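Trainee: generate a structure from the sequence data that follows.
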Amino acid sequence: MPPQLGREVQERVKVYGPLNELTYEGRLLTQTLQDELNRSISAPAGPRSPWYEGDPELESMRERVRQQRAIREAQRRRDHAALTASIQKRNLQEEQRRDAMLGSLLGDVIGGLTDPNSPLAEAEAALSHADKVRRKKKESLHNEWSTQVFDTIQGRLQAAVDARDPAAIESRLKTQYDQYLHTTNTKVAVFRDVIIEQ
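Mentor: The predicted structure follows:
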């Protein structure tokens, strides 16, 4: 370690892990610099006394103090600007790194979607095959129901309808209609939903 002013100064190395810690350190340093600047600006100029008026040595000392303050203030501003630029540069680098990582992941996803041997294509083929099997099973079940259930019942109904004589059905309906007309002509206010006891 290099000696400075007759004593040894220990060097400390600060390792910044996450970017948030660096940002916090920067804000803390900025606040400290701003506080020092405010203190140096608002510091009292010293006692005003008639005995010190016009003393050239005192005036030159005051001028040197003002110059030193101006130099320190300019140095603080440069440090603040450098720190701000450093933080912005790190933020930009972090954002570019995140964008590159996202671009890489997006490329992998799009590559997986377009690749014919990808798991997505395999899953799509499996779902298509399962849909075909389900549709074929449904068709065979419908055909089986049509031949064994519907056709049997339909055949029985058709045989029963064919066995009836249309002339007998017509004469029965005509008789019922004549009875209805006779009832409505002999009784007042007869409706079709009224049961007439005979």
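
Trainee: mind naming the longest helix for the protein?
Mentor: helix 56-114 (DSSP state H).

Trainee: now for it, which elements pack on it?
Mentor: The elements that helix 56-114 packs onto, with contact taken as 3 or more Cβ pairs under 8 Å, 6 or more residues apart in numbering; DSSP states H and E, are helix 19-42, helix 119-145. Every residue, glycine included, has its C-beta placed from N, CA and C.

Trainee: reformat these as JSON lines; add mean pLDDT and mean neighbour count.
Mentor: As requested, those are exported to JSON lines (pLDDT from 0 to 100; neighbours: other Cβ atoms under 10 Å):
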{"stretch": "helix 19-42", "mean pLDDT": "74", "mean neighbour count": "12"}
{"stretch": "helix 119-145", "mean pLDDT": "92", "mean neighbour count": "10"}
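
Trainee: Serialize those to TSV and add fields for distance to Ile71.
Mentor: Below are the helices and strands packed on helix 56-114 laid out as TSV (distance: least, Cβ to Cβ, whole Å):
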stretch	distance to Ile71
helix 19-42	11
helix 119-145	67
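
Trainee: which SS state does Thr152 fall under?
Mentor: At Thr152 the chain is in helix, as set by DSSP: H, G, I helix; E, B strand; the rest coil.

Trainee: residues in contact with it?
Mentor: Thr152 makes no contacts at all, as judged by Cβ atoms under 8 Å, 6 or more residues apart in numbering.
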